[in-house]
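**Student:** next one to model:
(chains A, B and C)
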Amino acid sequence: MDPKLDLLYRLADDQLILGHRNSEWNGLGPILEEDIAFSSMAQDKLGHSLQLYGLLHELGEAEPDTVAFTRNAPQFHCCQLVELPIGEYDFSLTRHFLFDHAELLRFQALADSSYEPLAQVARKLRGELKYHALHANTWMKRLGTATDEAIERMQAALNFTLPYALGIFEKTDAEAEIISSGLFIGEDELQSRWLESITKVLGQTALTLPDLATATPVFGGRHGQHTEHLQPLLDEMAEVFRLDPTADW
Amino acid sequence: MYGSASTHDLPSTAPTGLENEDPILLAEFEARIARGEKIEPGDWMPALYRKQLTRMIEQHAHSEIIGSLPEGTWITRAPGFRRKMAQMAKVQDEVGHAQLLYSAAETLGKTREQMLVDLINGKSKYSNVFNYPTPTWADSNVISWLIDAGAIVNQLANAKGSYGPYCRALDRICAEEAFHLKYGHDAVVHMATGTPIQRKMMQEALNRWWPAIMTFFGPSDKMSVHTEILMRWKVKMASNDECRNQFLDMYVPKIWEIGLTLPDANLRKNEETGQWEFTEPDWEDFKRVINGDGPCNAERLAVRRAAEENGAWVRRALSAGKTHQYVRPLA
Amino acid sequence: MIHSLDPRMNRLGLPETAPAAAKPALDQFETYEVFHQKKEGAPFVYVGSVHAPEADLAFLFAKEQYSRRFACTGMWVVPTSAITVTEYAGDTESAYDTLPLLPRSAAPAPVDESVEQEEAYAAGEEDYDIFHLKKRGKAHQHVGKVRAASPAEALQVAKAVFGEQRPVVNVWAVRSADVLHSEDDDRDIWATTTDKKYRDAIAYKVQDRIEKFKAENPQA
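**Tutor:** Next comes the predicted model:
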C-alpha cells in the first residue's frame, strides 16, 4: 500500500474504533462530571478520525462515511487494543492512558511530517490531545495511589492491557519508506518516547510497569487480523447505515 | 428534558404550613418576588417554597439523566459521522444538564448523593415519557426533536421563575438545547423527506410517540390552594395546558409540512379560541406508567443502579484520605 | 437479565429484579465553584459547581462541563468551602452596607503590584479575589484583588475599594492562593470549540430541504 494511505488508515481506524468504544460509557460513567469529560474525548476521537478519513478522501479513497461504515473487519487497520470491549472503568482508563500517550506523541511528531496536510491536522489537534493526556495522567496518579482496591485493580488492568498496547507500534511493509520520506518518525522511535512518557507518570504511583522483555506484543491488527470483538462492533455501528445504503441520514 | 411542574400529584388537602411562617419575613419574601427580584440561596424562604422547588428541580434533574437513556440506546448505531458525533454530544448534554440541575437543587439543602439514591430506590419521579422504548433510530430522532421542543417550552417558562440558581441553570440549558432542537429537526426532516424506508420508519416512530408526547406536560392543572401559591411565588410559571397549547401551535405545522401525519383524527386548531383540540390522552395509562408499570421503568432504574454500583469502587478510591468536608454549592 | 433495546445495556447484564435492600448513600465529594473567561481580557464569571475529591480533578471536570459548548479562554476553580460570602442585598442596594465595621489601622487600598509579595506576606497579609453579584439571578463576576490579613478584612478592604459600585447584591471573597488557575502554557486546550460545529445549532440548516419537499409534494 502507498505509505501515506498505510499510515492514514492505521491512524484513522484507531481513532474511530476507540472513539466508538469510549462512547459506550456515555451515561454510564462512575461520576456525572467524569461521564461528561469521557464523552468529550470520545467525540474528539471521532472528530480526529473524520479529519484523517477526509485526507484519505483527498487522496482518492471513498467518502469518510463509506469508508467508516461499510468496511468489514479484515479491511480495518486498527490495533487490537482499541477493539476490546470497554470492560470496567479500570480497563477503559488504562487503555485511555496507554493509547493517548502514544497518540499525543505521535501527533506531536506528525506536526513535522513531510506530508503537509497531515502536519496541519496534527497541529490543530494539539489542544485536544493535551487535555486527553492531562485527564489520563490525573486519573492514573489518583487511582494508582488510592485504596488497595484501586491499586490492585489498576495494576491488573495494566498487566492485561500492556501487551495489547505494544500492538499500537506494529509495523507494516511501508515502515521504511514512511521514515525515509519524512512522513513520520517510525514506530520504534515512537515506542521509545512513549515508554519514557508512561514510565514517568507510573513512577508517581504505586503501580509497576510489567517487564517489557517478557511481554508479547499483540500484533496482527495492522494487517487486518482482529479479535472476535471487531466485526460485531462494526455490525452494530453500521446497523442503521446499512438499512438503506441509498439514504441520506 | 422535563415537561411539567408536576404539582398535580400534591393532594389538595395537604397543609401549606404558611400559618407557621413568620408573617413579616413572608411578606418581605413575597414582596421581593412581586418586584421581580430573584430569590437566592442565602435568603429566608418559606418551608413550602424550599420543599416544592427541591422536588421540582430534582425531578427535572432525574428527567435529564434518565432522559439520556432512550437516545443513548442509539449512540453506538447512529448512521454516519455527522449523526454519530451529534448523538454523542446530545446525550452528553443531557448528563451535563442533570449535573447543573442537581447542583441547583443542592443549594436548597438536599445532597446530590441523596437525590441519586432516591432515584435508584424508586422514591423520586422523572418525566414519564422516558419509560417508553425507542425501538428504531427514528424514535430517537422524535425525542431529539419533539421531546426537546416540549422541554424548551417548559424550561423557557421556568427560566422566568423566582429561584436564582434554577434560573442560572436553565439559561445555560436552554442555550445548549438550541442545538438539540435543530439537530432533532434536521434528522427528522432527512428521514421524512428521504427514501421510502426512511419515511416509513419516521411515520411509525411518530405514531408510537405521539400519545406520550401529548402527556408530556401533564394533565390539566387542578386549581388548588397550592397551585395558586406556587404561581404567586413563581415556582410554577405556566399551566400545563398553556404549555401544551404553545407546543402544538409551534410544532404541529412543522410536522405536517414535511408530509408526516399525526395519529389523532380530532387534532385541529380552533381558530376562534386559538386553542388546539385533541383527543384527551389516556391519563389512567399515564398514571399506571408513572407509578412503575411502564415498558421501561425497571430497565431505566436498573441502568442507573448498575452505573452507580460499577462506579462505586472509583468513588471509594477518590474519597480515601479526603481532607475537606462536603459543602453545598453556593449559587 | 433484562433484555434491552440498547446493545450497551445487554453487555452490562442488568438483573431482572432490583435487590431488596435499598441502596445506601455514598459519601459526598467536596464541591468546587467554577469561573470562566469568555475571551482574553474579559473578567472571570461564575458558571456553576462541580463535585470532585481534589482541585486537579475538579479542573478536569469543570473544563468539559463548562467550556465544551461555548467560547472560553481560561478557567478558575475554587473549593466552595474557601469562599466567604456576605448577606444578599436587594437588586438596588449594596451588600457592603450590611457589613459589620472592623477597625483597620491603615487606609485600605487595592493590591499594589509594586509591593513585593514577600513584604505583604511578612506583614501577615495575602491576596484575595473579590467577586460581585450585580443582579439577583445573574452570575458573580470578578472585580479585582485586595490584600488583607483575613477574609473578613478582605471584605472591608473590598468595600473601600469597590464599594462605590452599585448595586452589589452579594460579594464573595476568596484567598487567591485557594484559586486554581488554568495555565497560560495550556491556552491551546481552550481553542478547540471552533472545529466542533456538529454541536452547534447553526450547523443544522434544513430549510432548503423542506422547501424542496413542499415544492415536489404540494398536497402535503
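
**Student:** where do the helices sit along the chain?
**Tutor:** I went with chain A, as the question did not name one. Remark: helices assigned in chain A by DSSP state H are A:3-23, A:32-58, A:64-70, A:89-110, A:116-124, A:126-143, A:148-166, A:175-180, A:187-202, A:230-237.

**Student:** not what I meant, chain B
**Tutor:** B:23-34, B:47-72, B:80-106, B:112-120, B:137-142, B:148-158, B:164-192, B:196-215, B:225-232, B:240-256, B:283-288, B:297-319.

**Student:** CA atoms of the last one as PDB?
**Tutor:** Which is helix B:297-319. Only the C-alpha atoms of helix B:297-319 are listed here, as PDB (Å, rounded to 0.1, in the frame of the first residue of the first chain):
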ATOM      1  CA  ASN B 297     -39.400   1.700  34.200                       C
ATOM      2  CA  ALA B 298     -37.400  -1.300  35.500                       C
ATOM      3  CA  GLU B 299     -34.700  -1.000  33.000                       C
ATOM      4  CA  ARG B 300     -34.200   2.700  33.400                       C
ATOM      5  CA  LEU B 301     -33.600   2.300  37.200                       C
ATOM      6  CA  ALA B 302     -31.600  -0.800  36.700                       C
ATOM      7  CA  VAL B 303     -29.200   1.100  34.400                       C
ATOM      8  CA  ARG B 304     -28.700   3.900  36.900                       C
ATOM      9  CA  ARG B 305     -28.200   1.300  39.700                       C
ATOM     10  CA  ALA B 306     -25.600  -0.600  37.500                       C
ATOM     11  CA  ALA B 307     -23.800   2.700  36.700                       C
ATOM     12  CA  GLU B 308     -23.700   3.600  40.400                       C
ATOM     13  CA  GLU B 309     -22.600   0.100  41.500                       C
ATOM     14  CA  ASN B 310     -19.900  -0.300  38.900                       C
ATOM     15  CA  GLY B 311     -18.500   3.100  39.700                       C
ATOM     16  CA  ALA B 312     -18.600   2.700  43.400                       C
ATOM     17  CA  TRP B 313     -15.000   1.500  43.700                       C
ATOM     18  CA  VAL B 314     -13.900   4.600  41.800                       C
ATOM     19  CA  ARG B 315     -15.700   6.800  44.200                       C
ATOM     20  CA  ARG B 316     -14.400   4.900  47.200                       C
ATOM     21  CA  ALA B 317     -10.900   5.300  45.900                       C
ATOM     22  CA  LEU B 318     -11.300   9.000  45.300                       C
ATOM     23  CA  SER B 319     -12.800   9.600  48.700                       C
END
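
**Student:** is any part of that helix close to chain A?
**Tutor:** Yes - against chain A, helix B:297-319 shows contacts by C-beta under 8 Å from any C-beta of the partner chain at B:303, B:306, B:307, B:310, B:311, B:312, B:313, B:314, B:315, B:316, B:317, B:318. Just so you know, the C-beta spots here come from the backbone N, C-alpha and C atoms, and that holds for glycine as well.

**Student:** which helices and strands does that helix pack with?
**Tutor:** For helix B:297-319, the packing partners by 3 or more C-beta pairs under 8 Å, 6 or more residues apart in numbering or on different chains; DSSP states H and E come out as helix A:89-110, helix A:126-143, helix A:148-166, helix B:47-72, helix B:112-120, helix C:7-12.

**Student:** reformat the ones you listed as JSON lines; add mean neighbour count, mean pLDDT and distance to residue C:138.
**Tutor:** Output for the helices and strands packed on helix B:297-319, formatted as JSON lines (neighbours: other C-beta atoms under 10 Å in any protein chain shown; pLDDT from 0 to 100; distance: least, C-beta to C-beta, whole Å):
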{"stretch": "helix A:89-110", "mean neighbour count": "23", "mean pLDDT": "98", "distance to residue C:138": "38"}
{"stretch": "helix A:126-143", "mean neighbour count": "21", "mean pLDDT": "96", "distance to residue C:138": "29"}
{"stretch": "helix A:148-166", "mean neighbour count": "19", "mean pLDDT": "98", "distance to residue C:138": "41"}
{"stretch": "helix B:47-72", "mean neighbour count": "24", "mean pLDDT": "96", "distance to residue C:138": "19"}
{"stretch": "helix B:112-120", "mean neighbour count": "21", "mean pLDDT": "95", "distance to residue C:138": "24"}
{"stretch": "helix C:7-12", "mean neighbour count": "18", "mean pLDDT": "94", "distance to residue C:138": "40"}
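
**Student:** and those: which comes nearest residue B:219?
**Tutor:** helix B:47-72 (15.8 Å; C-beta to C-beta).

**Student:** what is the burial count for residue C:132?
**Tutor:** Neighbours of residue C:132 under the rule other C-beta atoms under 10 Å in any protein chain shown: 23.
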